[in-house]
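In: kindly return the folded structure for what I paste below:
(chains A and B)
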Protein chains: 2
Amino acid sequence: MIAVDWGTSSFRAYRLDEGGAILARRESPRGIAGVPAGRFPQVLAEEIGDWLGGRRETVVLCGMVGSRQGWVEVPYCECPAGAPEIAACLHPVELEGAAAYIVPGVSGFDTAGVREVMRGEETQVLGALEALPEEAAVCLPGTHSKWVRVRRSQIVGFSTHFTGETFAVLKAHSLLGRMLEDGAPDEAAFLAGLARSAEPEGLLHHLFGVRAKALFGELSGVGSGEYLSGLLIGHELRNALAGVRAAPVFLLGAPGLVARYALALRALGAEPRALDAESAVNGMKLLARARGLAGGARG
Amino acid sequence: MIAVDWGTSSFRAYRLDEGGAILARRESPRGIAGVPAGRFPQVLAEEIGDWLGGRRETVVLCGMVGSRQGWVEVPYCECPAGAPEIAACLHPVELEGAAAYIVPGVSGFDTAGVREVMRGEETQVLGALEALPEEAAVCLPGTHSKWVRVRRSQIVGFSTHFTGETFAVLKAHSLLGRMLEDGAPDEAAFLAGLARSAEPEGLLHHLFGVRAKALFGELSGVGSGEYLSGLLIGHELRNALAGVRAAPVFLLGAPGLVARYALALRALGAEPRALDAESAVNGMKLLARARGLAGGARG
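Out: Okay, here's the model as predicted:
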């Protein structure tokens, strides 16, 4: 089978053998944001057409490819959702020489009962289930960080934090961003921002403090960015940890960001544990088997 | 005398008689952001040169005109600061046919002892002192909302919230902004966002919920913006009110924004009271008298 993790700004494809081992992988910057409507089959053929020759191949795709801006909008699968429930919602799409399916996103609720959605992260979490205890909190840091609550191999609920996007827009477009420069990490400034997040008066107040500190020479270029990052991640973590009963906190994502969150979690007294960053391919394998499309649990 | 409130994006000038009554006023969009370095005397002459003829006029200027991006960077006056302390720091500048002074900004600390600064708001608060009890909390809502703690006619400390700028950059540059439209106020959506701010998991989580609500048709165009506004103002108010001992909360600013904050404060069980929105001119009058530059307490 072929597994494709197709997000907003990246394309990753894996060719697997009958036993599920990775034979080949490809990566490109052709995320769905750069694909015109109706051109998804062509772009896919351009990227991995040579893998599709011969017999009818099973292709599973996950991520934003199943959103309104993607190939086709696939309805969300409702929580609680494990591999059987999500596999039952796999959405077939037309692709010459293949049996292709898009993984649905998952919808559920946060701890206050407010509606939440994700697309792509559910597949990463499924792929990491083997490494999780019966009850677990999985954090997927990123533009929209997800905190996923898992119980007995099912996603039972989750909460999204707008941390990465808030950092990016403040850096690019606010008064704070004018002071920020790119450069080597500054752990002391990061931890100072993290510590600040515990103080009273809230995030909107703490944000202005980044400017006041810079005005008084207490922070400069790189330090300001690291302090701002620590401040935002600190607010995310303190709020998210308040709702987490299970320890440790599992981290799933790009190694650099996972290291940053692990440092912050340890500073807050939590116990971080990193999961395999490439778990999405595992998740798609699991879904294909649950649906009877690939080796293993066929039938 | 002439009083000039010269901010980042606006210019307001007032001509006063000996008794302090307003004889004439002018307003223009020539804020300091549009004035090239070194051109401040010329721009001022273009705006109010006809007021400067004849005898040597006293001119007092407040706001960002005293910042690094303004006419000249005037050092901050340290808290606690009342009219005598701020008047002593009035900074003379060269202006033909006039004795001109720039009001210093004020620096102080938030409730956690973290450095804070303001420029312009100190003059507004001074101008409203007569309406305040011995101990008062004054909120000046805006791009950078200020919560000023006043005791016995002195500013003793204050905290800034990045509320307005956060709303603006999220609206203009984030995923959330794509759903927002301008339109008539929607009080129900505003109050729903305000109520949401009391729930667990914090602001960064609540921000993503705006998108999830829109995806499920629970919010659309105008409602999304009002909900986001209520959410952000709710977070500011809940955090700021936690540190306020004195009631009522005094509001000082543009009438539309003051009405929005008053609605929110009442919904949270606080007692809002609006002050004169044009108090800056009063503040400059008070400073000129305290410095012996104008009628009244001369000498």
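
In: could you say which helix or strand holds A:A3?
Out: strand A:2-6 (DSSP states H and E).

In: kindly report the same for A:L219.
Out: Here A:L219 is assigned to no helix or strand, by DSSP H and E.

In: and the one 4 residues further on, by the same measure?
Out: A:G223 belongs to helix A:221-241 when elements are defined using DSSP H and E.

In: so does that helix get close to chain B?
Out: Yes. Counting by Cβ under 8 Å from any Cβ of the partner chain, chain B is contacted by helix A:221-241 at A:L232, A:H235, A:E236, A:R238, A:N239, A:A240. In this view, the C-beta of every residue, glycine as well, is placed from N, C-alpha and C.

In: and the closest residue to the last one other than its chain neighbours, what pLDDT?
Out: Right, the one you point to is A:A240. Nearest residue to A:A240, sequence neighbours excluded (Cβ to Cβ, 6 or more residues apart in numbering or on different chains): A:W147, at 4.8 Å. Note for A:W147: predicted pLDDT of 98.

In: mind listing what A:W147 touches?
Out: Residues near A:W147 by Cβ atoms under 8 Å, 6 or more residues apart in numbering or on different chains: A:A137, A:V138, A:C139, A:F158, A:S159, A:T160, A:H161, A:A240, A:G243, A:V244.

In: bridged to it, which residues?
Out: Note on A:W147: beta-bridge partners by DSSP bridges are A:C139, A:S159.

In: any idea how far it is from A:T160?
Out: Using Cβ to Cβ, to the nearest Å, A:W147 is found at 8 Å from A:T160.

In: mind jotting down where the strands sit in the stretch 51-200 of chain A?
Out: Listed in chain order, the strands of the stretch 51-200 of chain A (DSSP state E, counting those that start in this stretch) span A:57-62, A:77-78, A:91-93, A:98-102, A:106-109, A:115-118, A:135-140, A:145-151, A:154-161.

In: how does chain A divide into domains?
Out: Here the domain assignment for chain A is A:2-108+A:281-290, A:161-274, based on automatic domain parsing.

In: make CSV out of these and add mean pLDDT and mean neighbour count.
Out: Compiled in CSV, the domains of chain A are given as follows (pLDDT from 0 to 100; neighbours: other Cβ atoms under 10 Å in any protein chain shown):
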stretch, mean pLDDT, mean neighbour count
domain A:2-108+A:281-290, 96, 18
domain A:161-274, 92, 19
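
In: export the ones you listed to CSV and tack on distance to B:L44?
Out: CSV is the format used below for the domains of chain A (distance: least, Cβ to Cβ, whole Å):
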stretch, distance to B:L44
domain A:2-108+A:281-290, 48
domain A:161-274, 25
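
In: who's in contact with the closest residue to A:G53 other than its chain neighbours?
Out: In this structure, A:G53 finds its nearest non-sequential neighbour in A:G97, 7.2 Å apart by Cβ to Cβ, 6+ apart. By Cβ under 8 Å, 6+ apart, the contact set of A:G97 is A:L52, A:G53, A:R56, A:E57.

In: just A:H173 next, same as before
Out: B:V169, B:A172, B:H173 are the contacts of A:H173 under Cβ under 8 Å, 6+ apart.

In: just A:K213 next, same as before
Out: A:L219, A:S224, A:Y227, B:V114, B:R115.

In: change it to 7 Å
Out: A:L219, B:R115 (Cβ atoms under 7 Å, 6 or more residues apart in numbering or on different chains).

In: what's the answer for A:A270, then?
Out: Shown in contact with A:A270 (Cβ under 7 Å, 6+ apart): A:L241, A:V249.

In: measure it to chain B for me?
Out: Counting by Cβ to the nearest Cβ, to the nearest Å, the separation of A:A270 from chain B is 16 Å.

In: do A:A188 as well
Out: For A:A188, the distance to chain B - Cβ to the nearest Cβ - is 17 Å.

In: again with A:I22
Out: Using Cβ to the nearest Cβ, A:I22 is found at 33 Å from chain B.

In: which positions in the stretch 151-299 of chain A make contact with chain B?
Out: Applying Cβ under 7 Å from any Cβ of the partner chain, we find that the stretch 151-299 of chain A lies next to chain B at A:159-163, A:165-166, A:169-170, A:172-175, A:199-205, A:207-209, A:212-213, A:215-216, A:232, A:235-236, A:239-240, A:242-243.

In: can you name the residues in contact with the one helix or strand A:V43 maps to?
Out: According to DSSP H and E, A:V43 maps onto helix A:40-48. Contacts with helix A:40-48, where a contact means Cβ under 7 Å, 6+ apart, come from A:I2, A:F11, A:A13, A:R26, A:S28, A:R30, A:V35, A:W71, A:E94, A:L95.

In: so what sits opposite the first one in the bridge?
Out: The one in question is A:I2. In beta-bridge terms (that is, DSSP bridges), A:I2 pairs with A:R15, A:V59.

In: now do the contacts for it.
Out: With Cβ under 7 Å, 6+ apart, A:I2 has these contacts: A:A13, A:Y14, A:R15, A:I48, A:W51, A:E57, A:V59.

In: then A:G234?
Out: A:G193, A:L194, A:S197, A:A264 are the contacts of A:G234 under Cβ under 7 Å, 6+ apart.

In: residue contacts, the closest residue to the first one other than its chain neighbours?
Out: Read that as A:G193. The shortest distance from A:G193 to any residue other than its chain neighbours is 2.8 Å, reached at A:G230 (Cβ to Cβ, 6+ apart). Taking Cβ under 7 Å, 6+ apart as the criterion, A:G230 is in contact with A:A189, A:F190, A:L191, A:A192, A:G193, A:L194.

In: and those, which is closest to A:R152?
Out: Nearest to A:R152 among these is A:L194, at 33.4 Å by Cβ to Cβ.

In: pretty sure that closest one sits against A:A264.
Out: Yes. Contact criterion Cβ atoms under 7 Å: A:L194 and A:A264 qualify, at 5.5 Å.

In: can you list residues touching both of the two?
Out: Common contacts of A:L194 and A:A264 (Cβ under 7 Å, 6+ apart): A:I233, A:G234.

In: between the two ends of stretch A:59-76, how far is it?
Out: By Cα to Cα, to the nearest Å, the extent of stretch A:59-76 from end to end equals 20 Å.

In: who touches that stretch?
Out: A:1-8, A:32, A:40, A:91, A:93, A:95, A:98, A:100-107, A:117, A:119-120, A:123, A:280, A:284, A:287-288.

In: and the residue nearest to A:G193, how close does it get to A:V117?
Out: Where A:V117 is concerned, A:G230 sits at a distance of 28 Å (Cβ to Cβ).

In: how many other residues sit next to the closest residue to chain B within the stretch 1-150 of chain A?
Out: Using Cβ to the nearest Cβ, the single residue of the stretch 1-150 of chain A nearest to chain B is A:A112, 4.3 Å away. Here the number of neighbours of A:A112 (other Cβ atoms under 10 Å in any protein chain shown) works out to 15.
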